[in-house]
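[1] this is the structure alone, sequence omitted:
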């Protein structure tokens, strides 16, 4: 990792430009930014310019403290007691973020700069409408400006009993109410805004994985600014110095979530500043770092470019460096023999102990999608050549491994049932020494004659036969599953509709862990009781992944049927986080109401069903070269393959 090439890249491509690019107080995208800030009457305007790669760039006032990628060169705060975070200086009753010219001597009051709104901000305080930015003007939607108060006009609306508004109207109002502002700019949405629950925990934070459906909903509505801000601000939080018991995670890790906090400026009560305080897992339940955050970030970055048409974000030096850091973290060599990504339990959407440590399907599908997306966005320079080759090699091996060994249907189940064990040879059929007795009794009833799915996990002498929804759906979206496998997964969903959908889509996994197995694997987790939460609960947010997968396979009627099921009572139930019981008849016992990604998942599903062509911006099509390589590996002689020398790459 610490190669001379990476050091040169860090100094010339990722060090200084990062200070410029995610400029939080201006939307001016020109190379030179003239930014002013007034914190108190005694402070004077100042400009600091830095020459980087031939461009004169101004250091922004919303500072970044403690980033390891700066190697302490620009550590402007040395007080160890302060939060290491992003800070935007703001006066108590006045906000001065914008492109005011230097000859403006009179300060603008808050009433002149922003208009008050009755909508809460950050889930707590009173919100304000921000003036339309240059980015917002540039990508203004033809039917309304960014964050307009107009109602949604998506076709196929369902009338609600509340003053004649549609479900989409209600959902859009709730989604916009959840927007978080930093330095007067929208940067994300909080996880939930449940007024009846006094235990906030971390539901008032912006989660990267939770914001994905929110961001896609805004993109599909033509409201691009919030997604652009989210991408750039979370990038500045990458590679933080926060630690878990004196141990730092790998460089390139993206946080699980962040929170906007207001703190006194330099211990001066007359002035305050906003800071972004990230959580990399050191405060999370179980203290597990999020593996999927960086993968989702890459996927959202690609979606932003394809939907908005603004490719300038992904072409920036700091964004390119961020992509490479995530890839290097994921592609690093280790002890593992498999091409799949080795992770700990609870490091993805299923963020509690559920026995998914090792190589869970969800992470592999997101990993495959992120590799394809990153390869598409990487700048064609000499510095990325080795990285591209490493990506191509990993894509071939990963697709072969998942398609060949994770797939199960009636034919494959019969093969496993007749496995011979303790096979020692290069051409063994039972390569992972799976014992036939591992086939659970429920699978015999669950497996339809037509259809199949990708199992949840594969390790030596262990196959996790559970059906995990997100992993299977995203395998379709990313083309990790073959065309036939993708159709078979949708066939299984149709055949097992009463099990996987029932009265509220969509069950996160099937079946639930029960009895002794539940006590051993979950540690008797009281939140993960059978058919609740991550242990077989039903999550409405999965509607959008189901919809993308169905549209890609030209079977939108499946998604439409699921949306119709959800519309029956999701609004009356106040948009819960999840549902309990086998048929999803009860609101989750600890579920938050007005869960943002439940709202956003429904909106994305409706928007895509109204405009199916938009789904092509979210999917990864089958790569012909990968398909040819996959066919070759199927027909290749295992003994001859063993003789091939593995080529190493400096990444």
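    Structure received. None of the values given here were measured: they were computed from a predicted structure. Residues are numbered from 1 along each chain as shown.

[2] count the neighbours of residue 459 for me.
    15 (other CB atoms under 10 Å). No exception for glycine: its C-beta is placed from N, CA and C like everyone else's.

[3] quick check: residue 226 touching residue 218?
    Yes - taking CB atoms under 8 Å as the definition, residue 226 is a contact partner of residue 218 at 5.4 Å.

[4] can you map out the strands along the stretch 301-450 of the chain?
    Ranges of strands in the stretch 301-450 of the chain, per DSSP state E, counting those that start in this stretch, are 407-409.

[5] same check, this time on the stretch 551-651 of the chain
    579-580, 586-587.

[6] return the most buried member of those strands.
    Counting by mean count of other CB atoms under 10 Å, strand 579-580 has the highest mean neighbour count of these, with a mean of 24.

[7] rewinding a little: neighbour count: residue 226 and residue 218, which is higher?
    Each of residue 226 and residue 218 had its neighbours counted (other CB under 10 Å), and the higher figure belongs to residue 218 (28 against 25).

[8] now do the contacts for that one.
    224, 226-227 (CB atoms under 8 Å, 6 or more residues apart in numbering).

[9] with residue 418 instead?
    residue 436.

[10] for residue 429, see how far away it is.
    To residue 429, residue 418 is 9 Å away according to CB to CB, to the nearest Å.

[11] cool, residue 571 as well?
    The spacing between residue 571 and residue 429, counted by CB to CB, is 52 Å.

[12] neighbour count: these two, which is higher?
    residue 571 (21 against 11).

[13] just give the nearest non-adjacent residue to that one, would you?
    Spatial nearest neighbour of residue 571, chain neighbours left out: residue 167 (5.5 Å); criterion: CB to CB, 6 or more residues apart in numbering.

[14] then residue 587?
    Leaving aside its sequence neighbours, residue 587 sits nearest to residue 576 (CB to CB, 6+ apart; 4.7 Å).

[15] what about the one you found, distance to residue 545?
    To residue 545, residue 576 is 18 Å away according to CB to CB.

[16] circling back to that earlier point, switch the contacts of residue 218 over to TSV; also include secondary structure.
    Formatted as TSV, the contacts of residue 218 follow (DSSP: H, G, I helix; E, B strand; the rest coil):
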residue	secondary structure
224	coil
226	helix
227	helix
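
[17] now, which of those sits nearest residue 490?
    Among the contacts of residue 218, residue 227 lies closest to residue 490 (CB to CB), at 28.9 Å.

[18] shouldn't that closest one be in contact with residue 217?
    No - contact criterion CB under 8 Å: residue 227 and residue 217 do not qualify, at 9.7 Å.

[19] what about residue 497, distance to residue 415?
    The gap separating residue 497 from residue 415 is 27 Å, by CB to CB.

[20] so what's residue 259 closest to, chain neighbours aside?
    Leaving aside its sequence neighbours, residue 259 sits nearest to residue 205 (CB to CB, 6+ apart; 4.5 Å).

[21] burial check on the one you found, number of neighbours?
    Residues near residue 205, counting by other CB under 10 Å: 25.

[22] how far away is it from residue 392?
    Residue 205 sits 37 Å away from residue 392, going by CB to CB.

[23] quick one: mean pLDDT for the lengthiest strand in the chain?
    The residue-count maximum for a strand in the chain (DSSP state E) belongs to strand 268-279. Mean pLDDT, strand 268-279: 87.

[24] state the distance from the closest residue to residue 290 other than its chain neighbours to residue 263.
    Spatial nearest neighbour of residue 290, chain neighbours left out: residue 256 (4.0 Å); criterion: CB to CB, 6+ apart. Per CB to CB, residue 256 is found 21 Å from residue 263.

[25] ok, now residue 559?
    Separation of residue 559 from residue 263 (CB to CB): 45 Å.

[26] and the contacts of residue 218 as TSV, adding pLDDT and distance to residue 341?
    Shown next, in TSV, are those (pLDDT from 0 to 100; distance: CB to CB, whole Å):
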residue	pLDDT	distance to residue 341
224	98	30
226	98	29
227	98	26
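
[27] please identify which of those residues is nearest to residue 486.
    For the contacts of residue 218, the nearest to residue 486 is residue 227 (27.6 Å; CB to CB).

[28] residues near the closest one, how many?
    Each residue near residue 227 was counted by other CB under 10 Å, and the total is 28.

[29] that one: what's it in contact with?
    With CB under 8 Å, 6+ apart, residue 227 has these contacts: 215, 218-219, 300, 304, 308.

[30] mind running it again at 10 Å?
    Counting by CB atoms under 10 Å, 6 or more residues apart in numbering, residue 227 touches 186-188, 211-212, 214-219, 300-301, 303-304, 307-308, 310, 313.

[31] return the distance of it relative to residue 282.
    Counting by CB to CB - residue 227 and residue 282 are separated by 27 Å.

[32] just residue 521 next, same as before
    25 Å.

[33] just put the strands of the stretch 551-651 of the chain in JSON lines and tack on distance to residue 323 and mean pLDDT.
    Output for the strands of the stretch 551-651 of the chain, formatted as JSON lines (distance: least, CB to CB, whole Å; pLDDT from 0 to 100):
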{"stretch": "strand 579-580", "distance to residue 323": "37", "mean pLDDT": "98"}
{"stretch": "strand 586-587", "distance to residue 323": "40", "mean pLDDT": "97"}
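
[34] reformat these as CSV; add distance to residue 381.
    Formatted as CSV, the strands of the stretch 551-651 of the chain follow (distance: least, CB to CB, whole Å):
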stretch, distance to residue 381
strand 579-580, 49
strand 586-587, 52
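
[35] show me the one of those strands that comes nearest residue 387.
    When these are compared (using CB to CB), the closest one is strand 579-580, at 42.6 Å.

[36] just the buried residues of the contacts of residue 227.
    Listed as buried from those are 186-188, 211-212, 214-219, 300-301, 303-304, 307-308, 310, 313; burial here means 16 or more other CB atoms under 10 Å.

[37] tell me which of those fall in helices.
    211-212, 214-219, 300-301, 303-304, 307-308, 313 (DSSP state H).

[38] where does the stretch 51-200 of the chain have low pLDDT?
    Under the criterion pLDDT under 70, the flagged ranges of the stretch 51-200 of the chain are 51-164.

[39] buried sites along stretch 441-457?
    Buried-residue list, stretch 441-457, by 16+ other CB under 10 Å: 443, 446-447, 451-457.

[40] same deal with stretch 331-348?
    The neighbour-count check on stretch 331-348 (16+ other CB under 10 Å) flags 331, 338-343, 345-348 as buried.

[41] out of the contacts of residue 218, flag the one nearest to residue 511.
    Of the contacts of residue 218, the one sitting nearest to residue 511 (CB to CB) turns out to be residue 227, at 36.7 Å.

[42] now do the helices in the stretch 301-450 of the chain.
    Ranges of helices in the stretch 301-450 of the chain, per DSSP state H, counting those that start in this stretch, are 312-315, 317-331, 361-377, 385-401, 410-417, 441-446.
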